[in-house]
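Asks: the amino acid sequence is not available; the structure is as follows:
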């Protein structure tokens with residue numbers, strides 16, 4: 001088991017380092033050409049009535065962009081309005097204008113005046129100063145607008161009508177209402193597929209090499225089983241040698257050899273692994289679509305992960321540490337993942353089932369919110385309290401569970417029937 005865990009760790013670190021290196025090298029390359037931010041003036045925003053939004057292009061002169069890229073919006077009459085006198089002494093500052101997508105205002109996403117070489121009617125290129133540059137970033141302030149714009153869509157890209165205007169007001173009118181400036185925003189870009197590849201790789205590598213880390217820390221090879229002999233219920237203990245049975249085909253590639261007579265899977269450790277992978281996967285998927293890696297994690301998600309970490313830690317204290325005399329674990333043969341996490345040596349019990357159903361319910365809610373809003377959910381305090389109560393109930397009753405005997409069965413066995421049939425290995429069924 002430890003050899004497989006080390007192998008899983010090494011492969012995971014290799015894949016993770018490769019993907020992170022590619023991502024951050026792309027980030028450095030994309031941000032190298034971005035000019036310094038020219039913050040907007042704090043004066044009241046004023047827009048001349050003659051301005052019209054005319055055109056939008058990607059900064060890379062392509063017809064499509066992904067979140068995190070820069071775009072340029074042409075506002076007809078922008079440079080003339082910025083240099084001319086205005087009525088009532090209200091100067092016009094183009095840097096006060098913010099970006100609008102499909103009517104949603106992206107707060108604090110102010111424009112930066114830029115110049116673009118355009119080809120005129122005489123096919124000669126001239127310098128045009130009627131352009132504003134915007135960085136398609138999702139910040140904490142603009143997150144709600146981005147969630148409304150992108151959340152819930154299953155399409156690989158969206159077409160958004162682009163506009164500019166003063167914060168808290170309507171966007172400037174467009175030159176041609178029948179053909180407004182539109183931008184194609186690609187959601188499933190190379191960054192998304194790279195992050196999805198990392199998520200799938202980590203899950204498959206863990207299933208192949210790290211799944212034994214989810215098992216109970218009980219003494220390997222010693223198992224207890226309740227038997228009824230002469231009308232009396234007796235807890236008998238036997239030694240079994242773990243065996244490997246070869247699989248065939250694709251199951252062998254992803255799961256390796258089938259192992260019999262192994263320790264059962266632990267509910268608390270599996271629960272911690274479930275939330276770890278769920279939050280890790282959600283973080284990468286959201287980053288892969290939005291390009292934002294600073295405003296993803298929420299305090300409630302970290303609290304939820306902390307509750308499950310404390311539960312796993314408490315279970316390890318109950319099971320005991322150190323040598324075999326102090327280690328208890330769950331002394332039974334693994335009968336399958338779901339049977340193991342819902343059962344102790346006496347069979348399925350309710351406090352394990354309660355913990356399982358609440359974990360599944362909150363997990364489904366978590367996944368739905370990520371798909372709907374492209375953001376980790378803000379859990380209600382009552383929901384977090386419920387998860388904490390469920391974890392506390394599990395820990396309290398987990399300490400009362402019967403683990404089975406941990407002594408050498410050869411020195412403690414007092415079974416009246418010592419026939420070869422009773423010496424057969426315990427069957428998982």
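Replies: Received, thanks. What you see is a predicted model, and the numbers here were worked out from it, not measured in a lab.

Asks: tell me which other helices or strands the longest strand belonging to the chain touches.
Replies: Using DSSP state E, we find that the single longest strand of the chain is strand 125-135. Here strand 125-135 touches strand 70-76, helix 78-83, strand 104-110, strand 112-119, going by 3 or more CB pairs under 8 Å, 6 or more residues apart in numbering; DSSP states H and E. Using the backbone N, CA and C atoms, a C-beta is placed for each residue, glycine as well.

Asks: now tell me what touches that strand from outside.
Replies: Residues outside strand 125-135 that contact it (CB atoms under 8 Å, 6 or more residues apart in numbering) are 34-35, 54, 59, 68-79, 94, 97, 99, 109-120, 164.

Asks: before we move on, back to that, pipe the helices and strands packed on strand 125-135 into CSV and attach mean pLDDT, distance to residue 262 and mean neighbour count per row.
Replies: Formatted as CSV, the helices and strands packed on strand 125-135 follow (pLDDT from 0 to 100; distance: least, CB to CB, whole Å; neighbours: other CB atoms under 10 Å):
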stretch, mean pLDDT, distance to residue 262, mean neighbour count
strand 70-76, 91, 55, 21
helix 78-83, 84, 70, 17
strand 104-110, 88, 54, 20
strand 112-119, 85, 61, 14
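
Asks: quick one: closest of the ones you listed to residue 395.
Replies: strand 104-110 (44.4 Å; CB to CB).

Asks: shaky segments in the stretch 151-300 of the chain?
Replies: 151-152, 218-229, 231-261 (pLDDT under 70).

Asks: where along it do the strands fall?
Replies: Assigned by DSSP state E, counting those that start in this stretch, the strands in the stretch 151-300 of the chain fall at 157-165, 182-186, 222-229, 232-239, 243-245, 258-260.

Asks: let me know the angle separating the first one from strand 104-110.
Replies: By that I understand strand 157-165. 60 degrees (axes from the mean of the first three to the mean of the last three CA atoms, to 10 degrees).

Asks: what residue ranges in the stretch 1-150 of the chain score low on pLDDT?
Replies: Along the stretch 1-150 of the chain, the model assigns pLDDT under 70 to residues 1-43, 61, 85-90, 120, 122.

Asks: can you rerun that using 80?
Replies: Across the stretch 1-150 of the chain, the ranges flagged by pLDDT under 80 are 1-44, 59-63, 83-91, 118-124, 140, 147, 150.

Asks: how does this structure divide into domains?
Replies: Using automatic domain parsing, the domain parsing of the chain gives 14-187, 215-423.

Asks: related to what we said a few turns ago, so for residue 306, which of the helices and strands packed on strand 125-135 sits nearest?
Replies: Going by CB to CB, the one of the helices and strands packed on strand 125-135 nearest residue 306 is strand 104-110, 31.4 Å.

Asks: what's next to the closest one, contact-wise?
Replies: By CB under 8 Å, 6+ apart, the residues outside strand 104-110 that reach it are 39-40, 95-100, 134-135, 137, 139, 141-142, 145-146, 148-149, 165, 167-168.

Asks: stretch 140-160 too?
Replies: Stretch 140-160 is contacted from outside by 64, 101-102, 104-109, 138, 182-188, 289-290, 295, 371-375, using CB under 8 Å, 6+ apart.

Asks: PyMOL command for the buried members of the residues you listed?
Replies: If you want just the buried ones from the contacts of stretch 140-160 in PyMOL, going by 16 or more other CB atoms under 10 Å, the selection is:
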select buried, resi 101+104+105+106+107+109+138+183+185+186+187+289+290+295+373+374+375
